[in-house]
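Q: Got a predicted structure plus its sequence, pasted below:
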Amino acid sequence: MSRASTKATGARMHPPRERHRAFACTVQAARAITPGMRRITLSAPELTDFQQGAKDEFFALMIPAAYGLRLPESTPEGTPPRALAAMIPEEQRPLLRWYTIRAHRPEAGEVDVDMVLHGEGSSSGPGSSWAAEARPGDIVGFCEGNGIYYPPAGAETQIFFADETALPALAALLESPKPHPDRPAPKPESTHVHIEVPAASEIQPISTETTVHWHVRDDRPPGAALTEALHGMDLPARADYAWVCAEAGTVRTVRRHLVRTLGMPKEKIFFSGYWRRGEART
């Protein structure tokens, strides 16, 4: 996940962690998944006993300052990642950017993180820049985050919307036989998935029996492919749960359609703006 700090709200989130550990990781590998996405493999002893909740769990990537990686000296219970970073002197404080764990291999103490490359200029940001240059042996910080996917018990009919920044999170959910430890996996025949990508070259295989509908925007503005296709989509009138994560304006449009056109109760829709047009992406 390439995730901005835009407020996530709507349907209930996974219960928060009591403690967010912060520790150093080493880049083990870095390779291109598509022209615009890079998979970074991180390793650390702490990842052997890391307890992942929902499969779309995000964490804070702590990008070292010029002086190298400085971590908080302690991680008190109930202290979120931003507050932990604030304990570090400003000139040594790492930049925090939010990403999804694409895969976790506890036996190896590793996680894979798929990171979108936004190119150069105003649309880029420190997370994208770090991902483009990451090499084996680089050191970066990892601060435990939280899961997002938390459908109501018994939710059978589910709807998912994502753009390329939320694609890693959604792919991890769809590929997992149990995306949340307390909830059953969504059934392929009653699950509706729509993903927007900037080009056909950004479509990637997802190991799932669920049909994935890809929407390619090409030269149109972000969100255009999804929002223009909304009224032609074969969606259930009142789904049990919806997960909508993309550019903030796109999220608003999709949520409005689900509520006003399809009649979904607002409390059954989880939504998060991963980034916002006109602002640097993570």
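A: Now that the structure is in, tell me what you want to look at. Residues are numbered from 1 along each chain as shown.
Q: The strand or helix carrying residue 245 - what's its average pLDDT?
A: With secondary structure defined by DSSP states H and E, residue 245 is part of strand 241-247. Averaged over strand 241-247, pLDDT sits at 96.
Q: Okay, now the sheet partners of that strand, with direction.
A: Using DSSP bridges, strand 241-247 pairs in its sheet with strand 158-162 (parallel), strand 269-275 (parallel).
Q: Quick one: the ones you listed as JSON lines, columns for distance to residue 45, mean neighbour count and mean pLDDT too.
A: For glycine as for every other residue, the C-beta is placed from the backbone atoms N, C-alpha and C. JSON lines is the format used below for the strands paired with strand 241-247 (distance: least, CB to CB, whole Å; neighbours: other CB atoms under 10 Å; pLDDT from 0 to 100):
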{"stretch": "strand 158-162", "distance to residue 45": "32", "mean neighbour count": "26", "mean pLDDT": "97"}
{"stretch": "strand 269-275", "distance to residue 45": "30", "mean neighbour count": "24", "mean pLDDT": "92"}
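Q: between the ones you listed, which one is nearest to residue 24?
A: Checking the strands paired with strand 241-247 against residue 24 by CB to CB gives strand 269-275 as the closest, at 25.8 Å.
Q: quick one: that closest one to chain centroid distance?
A: Taking the mean of its C-alpha atoms, strand 269-275 sits 10 Å from the chain's own mean (CA atoms, centre = their mean, to the nearest Å).
Q: repeat for stretch 170-179
A: Relative to its chain's centre, stretch 170-179 lies at 12 Å (CA atoms, centre = their mean).
Q: Quick one: end-to-end length of it, please.
A: End-to-end span of stretch 170-179 (CA to CA, to the nearest Å): 10 Å.
Q: For residue 38, which of the strands paired with strand 241-247 is the nearest?
A: strand 269-275 (17.0 Å).
Q: what residues are up against residue 240?
A: 151-152, 154-158, 268 (CB atoms under 8 Å, 6 or more residues apart in numbering).
Q: how about a cut-off of 7 Å?
A: Residues counted as contacts of residue 240 (CB atoms under 7 Å, 6 or more residues apart in numbering) are 151-152, 155-158, 268.
Q: List just the nearest of those residues to residue 249.
A: Closest to residue 249, out of all of the contacts of residue 240 and judged by CB to CB, is residue 268, at 21.6 Å.
Q: Pretty sure the closest one sits against residue 244.
A: No - with contact defined as CB atoms under 7 Å, residue 268 does not count as touching residue 244 (11.2 Å).
Q: Can you tell me who the nearest residue to residue 46 once chain neighbours are set aside pairs with across the strands?
A: Leaving aside its sequence neighbours, residue 46 sits nearest to residue 23 (CB to CB, 6 or more residues apart in numbering; 4.5 Å). On the basis of DSSP bridges, residue 23 is bridged to residue 142.
Q: pretty sure residue 23 contacts residue 44?
A: Yes - in this structure, residue 23 is within contact of residue 44 by CB under 7 Å, at 5.6 Å.
Q: Need the overlap of contacts for those two.
A: residue 142.
Q: on that earlier part again, residue 268 and residue 244 - which one has more neighbours?
A: When residue 268 and residue 244 are compared for neighbours, residue 244 comes out ahead with 26 against 21, by other CB atoms under 10 Å.
Q: who's in contact with residue 18?
A: For residue 18, the contacting residues are 77-78, by CB under 7 Å, 6+ apart.
Q: Return the per-residue confidence for residue 167.
A: Looking at residue 167, its pLDDT stands at 97.
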